[in-house]
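J.: Task: produce atomic coordinates for the following.
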Amino acid sequence: MANSSIPLTARHARAIWLRAQRLDIAAPFGEGPDAVRLATGHLGYVQIDTINVIERSHHHILQTRIPAYRRADLEQAQSGAKSIFEYWTHALAYVPTADYRMFLPAMNQFRADPHPSYADLDAGHYAALLKRIRDEGALSIRDINDEVLVEKTHPWGSRKPSRRALRYGFFSGDLTVSKRTGMLKSYDLSARHFGWPRRPRPATVQQVAQYLLARALRSQGMVSLDSVCFGNTGAKAAIRTLIDAAVAKKQLVPVHIDNHANIQHWVAPAALEQELAPLSPARTAILSPFDPLIIQRKRLQLFFGYEHRFEAYVPADKRVLGYFALPVLAGDEIVAALDLKMDRSAGMLAVQKWTWFTAPRPELQTAIDEALDRFERFQKG
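T.: Okay, here's the model as predicted:
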């Protein structure tokens, strides 16, 4: 650890991160489809997940930062304005179309060296599928009737071989998800969907590293090598070189959290010097377990002293917080976890389990109850 590293309290570190995540103000991105573009652009990605005991995570993450969010806003951003698209970050996610070039190296790498599960993909079948999409327009797996079915390789798979061909097209960049109807994806030719006369030029290795560092500084405020490279561990050497150069130019300042001097972080001078007013516990948000504030579990524990447990795939008798527990952020602390389920037939949000991490107080209870009322209205909307 360099002697120049500045110690910060955990509270100061949390304030920097919450400001970067835009969780310290009510509606930082406005409303409508353009708010989806702005939020996704600022965060860098919005993770997609299929679990729907409550509204799915991508809608939840956006609504946390866009109080007036409507599901149609996401559809318009993806299929109308085409300002966002789907690809793999650390998981399947919405990412800004403005960053598409940064994902082309991964697409090209997949094409050059696909996963072994695609080794026996029939080239003729794939070419015929691309031709059909070119001739007929975007297709979903339901539009395709394969004559010969195969066994599923996992419970949520498909017996249609064409599903694998669609996925190959998606990961190689030939195809993009042009629309979602619920979780049903329609695939179109990427060039046609985006209106490109030619495919964009792939970013260089250096440009991808610069993008990852800039994305992390923007959305995390205070970064570590692990937090920058979350889902991109192969970029660590290039990122470290960029960080060292930025420190030498005084563009980044080495910092660490009190009593954790062995875990080096860096922050831009402006973020370190900004005035950060204490957040009132009345400012309460119910967060998705896939929210960018929650998904990096080690970072979350370091900054907040909270270890989140995702237990959807844990046997019921082994669960501590519940099937789909949602952390509750009050001010700058995670004060509880709520295992929620939406009873859609009754139009009611059920609290299946409530776990406190702090002593309950009347004003805190009131703030969470109000957040639950807002969250229930969002589920119904």
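J.: So what's the gap between the helix or strand hosting residue 94 and the chain middle?
T.: Residue 94 is located in strand 92-96, with elements delineated by DSSP states H and E. Relative to its chain's centre, strand 92-96 lies at 7 Å (C-alpha atoms, centre = their mean, to the nearest Å).
J.: Repeat that for stretch 107-124.
T.: Put simply, stretch 107-124 sits 26 Å off its chain's centre (C-alpha atoms, centre = their mean).
J.: got the buried residues for that stretch?
T.: For stretch 107-124, the neighbour count (16 or more other C-beta atoms under 10 Å) marks 107, 110 as buried. C-beta coordinates here come from the backbone N, C-alpha and C atoms, glycine included.
J.: Kindly report the same for stretch 126-144.
T.: For stretch 126-144, burial by neighbour count (16+ other C-beta under 10 Å) applies to 126, 129, 130, 133, 138, 139, 140, 141, 144.
J.: now the end-to-end length of that stretch.
T.: Counting by C-alpha to C-alpha, to the nearest Å, you get 13 Å between the two ends of stretch 126-144.
J.: Among the buried residues of stretch 126-144, which one lies nearest to residue 174?
T.: residue 130 (6.4 Å; C-beta to C-beta).
J.: any low-confidence regions in this protein?
T.: Low-confidence segments of the chain (pLDDT under 70): 1-3, 146-159.
J.: ok, and the closest non-adjacent residue to residue 81?
T.: Nearest residue to residue 81 in three dimensions, chain neighbours excluded: residue 33, at 5.7 Å (C-beta to C-beta, 6 or more residues apart in numbering).
J.: Number of residues surrounding the one you found?
T.: 19 (other C-beta atoms under 10 Å).
J.: Next secondary structure element downstream of the strand holding residue 94?
T.: The helix or strand immediately downstream of strand 92-96 is helix 104-112, counting by DSSP H and E.
J.: other SSEs contacting that next one?
T.: For helix 104-112, the packing partners by 3 or more C-beta pairs under 8 Å, 6 or more residues apart in numbering; DSSP states H and E come out as helix 161-172.
J.: Buried residues, the helix or strand following the helix it packs on. List them.
T.: From helix 161-172 onward toward the C-terminus, using DSSP H and E, the following helix or strand is strand 175-181. Within strand 175-181, the residues that count as buried by 16+ other C-beta under 10 Å are 175, 176, 177, 178, 179, 180.
J.: now stretch 243-253
T.: For stretch 243-253, burial by neighbour count (16+ other C-beta under 10 Å) applies to 243, 246, 252, 253.
J.: With stretch 224-236 instead?
T.: Of the residues in stretch 224-236, 224, 225, 227, 228, 229, 230, 232, 235 count as buried by neighbour count, 16+ other C-beta under 10 Å.
J.: any chance of those in CSV, plus distance to residue 332?
T.: Shown next, in CSV, are these (distance: C-beta to C-beta, whole Å):
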residue, distance to residue 332
224, 19
225, 24
227, 18
228, 23
229, 26
230, 22
232, 28
235, 30
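J.: so, if you compare the residues you listed, which one comes nearest to residue 90?
T.: Comparing those against residue 90 with C-beta to C-beta places residue 230 closest, at 5.5 Å.
J.: thought that closest one was touching residue 296?
T.: Yes - here residue 230 lies in contact with residue 296, judged by C-beta atoms under 8 Å, at a distance of 5.6 Å.
J.: hang on, the earlier thing: which neighbouring elements make contact with the strand holding residue 94?
T.: If contacts are counted by 3+ C-beta pairs under 8 Å, 6+ apart, strand 92-96 sits against helix 33-43, strand 46-47, strand 84-88.
J.: who does it pair up with?
T.: In the sheet, strand 92-96 lines up against strand 46-47 (antiparallel), strand 84-88 (antiparallel) (DSSP bridges).
J.: Turn the ones you listed into a markdown table, including mean neighbour count and distance to residue 188.
T.: Shown next, in a markdown table, are those (neighbours: other C-beta atoms under 10 Å; distance: least, C-beta to C-beta, whole Å):
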| stretch | mean neighbour count | distance to residue 188 |
| --- | --- | --- |
| strand 46-47 | 24 | 21 |
| strand 84-88 | 20 | 11 |
